[in-house]
Every structure is written in structure tokens, then in C-alpha cells.
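Colleague: this one's sequence-less:
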């Protein structure tokens, strides 16, 4: 509209500006009221979550997840509420995973809950949540591996323990359990590697009982394997296995098998040496010592030490060694 009168035009412009200012003020007030109302809605949901913290973990999680969603819709005015919710959520997911463990739920459920807690903690950069979720995840994999081992599902048990060790390489129980699995599978190399790794994690003076248990397990395993190889007349394999057993300590029966193998190989000096070592450890009666005297006699006979052999075979005239010792004394024309 064209205005020819300057005074009238000025008055019209003033009226327009007043109306426009009033309109903008009304819009701003309406926006402010709406924003305030939306923030109040977020506060209401936040308070609902806070009430459920001690009584309903899943309910609290749902409420605080809604706080995050609503805060993002509202915008800057609700950022403080979003921040508070994201600080609370990782701990709630950890509690959910921990409850699954306390309630003795399946290993798969515990692992699933712990992984979710870890993901949420990662999302909101919560180190405490990540650490606690990892602890529960380790327990879940340990439970799974142990149950699978009991069911003789060895391959999947190994996978579970390996998953655990990716998270915590120093979790010695998982390493020991792997050794038990390899023992059950007669996997000599893997058993030796695992048991040595386990022993390497232990500290003398602090873990003496565990060290003794693991060392005894390994010694008996390789001693038995060496004995079987010896019975099959595989003397080289027997010596290799018996030497593996010897890494884990002294043992009278181990020395008996050494003496037997060396005498079979006509390594009589070594046969005598190990028979004497076995006798030094044997504290039982004459029958218990008979097998060592018999091996001692074989070594002495092989070296042409007839008088000494006769004496040893005399000391071996007990139990299952009585007849063969008697025959040896007859052949040697012992007095």
C-alpha cells in the first residue's frame, strides 16, 4: 500500500511494529511454556526411574532409556537429565547381569547380559561399568566351560575357556581346566603347554598347594604314558615321556620305570642309578622295596657284578618279584 502522507505512514508503521512485536512475544512465551512442559515430562520419567532403582532394575532401565530418548527430542534444556541417565544406565545393566549370575541362570544368559552391560558401558564411556561387566563375563564363560567339560563336550569347553582368556589372560583356573581337558584327550603336547603355563602363573610361597597339585597331576600323567610306552617296548618314547614327568618332581615309581627302561636298553649304569634313587625314596616294607632290588639286580647282572646281583635278588624275594628273583639266583648260582 502506497502512503502519501508522511505522518500517517509513520503511525501505520508504528502500529505494524507493535503488532509484530506482540506476536513474536506471544510465540516466544508459547515456546518457552512448551519447552518447560517438555522438560517437566522428562523430569517425571527420570523420577520414576529413580524410584525403581532399588526394587526393579529392569523397570529402572526402561525409565532411564526413555529419559535419554525424550531428552534428545526436547533438546538442550534436557541435556542435564540425559547426562544423569547415561551415568546411571551402565551400572543398572551390570546389576542385571550380576542378578543373572546370583540367580544361577544359564551360562548363555549370564554371558548375554554381561555383553549387553559391556556394550552400554562402552557406548557411554563408563570404565567402571566395562570392568565390572568383564568380571561377570569371565564368570559366565567359566561356568559354560566347566559345564561343557563335565558333559565331555571337550571342543566347545575349550572354546569357552579360550573366550574367557581373551578377556583375562591371567585367569589361571581356565588354564588349568584346559590342561584337564587335554589330559582327557591324551593330547600330550597341549597338556604340557597348558600345565606349564598354569604353573608359570603361580607364586611360590603363596600358591604352594596349587603348585603341588598341578605338578603331581603332570608327573602322574607323563609317568603313566611312559609306563604304557615301556610295556609296548617303545623304549625311546618311554624315556621321552618319563623325562617329561621328571620335570615336575621326584617320585619313587617314576624312578622304577626309568630303571626298567634303561635295563631293557642295556644302559645298566643308569638302571642301577635309578633303582637306587627309588630305594632311597621307598619307606615301605621289604615287599614294597622288592621291585627296586630286582631292577638293581638286573643292572648289576648286566655289568657282571655277580655277587652284588645275588644280594639284590635275595632282597627282591617278595611278592610278585619272588619267583623271577629266585630264577635269577639259580641262573647266577648264588649261594
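Modeller: Perfect, thanks for sending it. Owing to the predicted nature of the structure, the values given are computational and were not obtained by experimental measurement. Residues are numbered from 1 along each chain as shown.

Colleague: Sketch out the low-pLDDT regions of the stretch 151-300 of the chain for me.
Modeller: Judged against pLDDT under 70, the stretch 151-300 of the chain has no low-scoring part.

Colleague: ok, which stretches of it are helices?
Modeller: Taking DSSP state H, counting those that start in this stretch as the test, the helices found in the stretch 151-300 of the chain are 154-167, 172-184, 188-201, 208-231, 235-246, 252-264, 268-281, 286-302.

Colleague: Make CSV from the ones you listed and add distance to residue 99 and mean neighbour count to it.
Modeller: The C-beta positions use only the backbone N, C-alpha and C, and glycine is treated the same way. Formatted as CSV, the helices of the stretch 151-300 of the chain follow (distance: least, C-beta to C-beta, whole Å; neighbours: other C-beta atoms under 10 Å):
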stretch, distance to residue 99, mean neighbour count
helix 154-167, 20, 18
helix 172-184, 23, 21
helix 188-201, 31, 17
helix 208-231, 31, 18
helix 235-246, 46, 18
helix 252-264, 50, 23
helix 268-281, 53, 20
helix 286-302, 57, 22
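
Colleague: As CSV, those with distance to residue 121 would be great.
Modeller: Shown next, in CSV, are these (distance: least, C-beta to C-beta, whole Å):
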stretch, distance to residue 121
helix 154-167, 14
helix 172-184, 23
helix 188-201, 27
helix 208-231, 32
helix 235-246, 45
helix 252-264, 51
helix 268-281, 56
helix 286-302, 61
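
Colleague: List the residues that contact residue 188.
Modeller: 222, 225, 241, 244 (C-beta atoms under 8 Å, 6 or more residues apart in numbering).

Colleague: mind listing what the second one touches?
Modeller: Contact criterion C-beta under 8 Å, 6+ apart gives 186, 188, 241 as the residues in contact with residue 225.

Colleague: The first one - nearest residue in space that isn't next to it in sequence?
Modeller: Okay, so that is residue 186. residue 225 (7.9 Å; C-beta to C-beta, 6 or more residues apart in numbering).

Colleague: any idea how far that neighbour lies from residue 219?
Modeller: Using C-beta to C-beta, to the nearest Å, we find residue 225 at a distance of 11 Å from residue 219.

Colleague: hmm, back to that, I'd like to know how far the residue nearest to residue 186 sits from residue 140.
Modeller: Separation of residue 225 from residue 140 (C-beta to C-beta): 34 Å.

Colleague: cool, and residue 272?
Modeller: From residue 272 to residue 140 the distance is 56 Å (C-beta to C-beta).

Colleague: can you check residue 289 too?
Modeller: 52 Å.

Colleague: do residue 65 as well
Modeller: To residue 140, residue 65 is 23 Å away according to C-beta to C-beta.

Colleague: what does residue 180 give?
Modeller: For residue 180, the distance to residue 140 - C-beta to C-beta - is 20 Å.

Colleague: Check residue 306 too.
Modeller: The value you get for residue 306 to residue 140, if C-beta to C-beta is used, is 68 Å.

Colleague: between those two, which one's more packed in?
Modeller: More neighbours surround residue 140 than the other of residue 306 and residue 140, with 27 against 13 (other C-beta atoms under 10 Å).

Colleague: For residue 229, which residues are in contact?
Modeller: Neighbour list for residue 229: 235, 237-238, 241 [criterion: C-beta under 8 Å, 6+ apart].

Colleague: what do you get for residue 204?
Modeller: Applying C-beta under 8 Å, 6+ apart, we find residue 204 in contact with residue 211.

Colleague: Residue 94 is in contact with residue 57, correct?
Modeller: No: judged on C-beta atoms under 8 Å, residue 57 makes no contact with residue 94 at a distance of 9.8 Å.

Colleague: Looking at the two, which one has more neighbours?
Modeller: A count of neighbours by other C-beta under 10 Å puts residue 94 above the other of residue 57 and residue 94, at 27 against 18.

Colleague: Can you pull the phi/psi pair for that one?
Modeller: phi -60, psi -40 (degrees, to the nearest 10).

Colleague: so it sits right up against residue 117, yeah?
Modeller: Yes: with contact defined as C-beta under 8 Å, residue 94 reaches residue 117; the gap is 4.6 Å.
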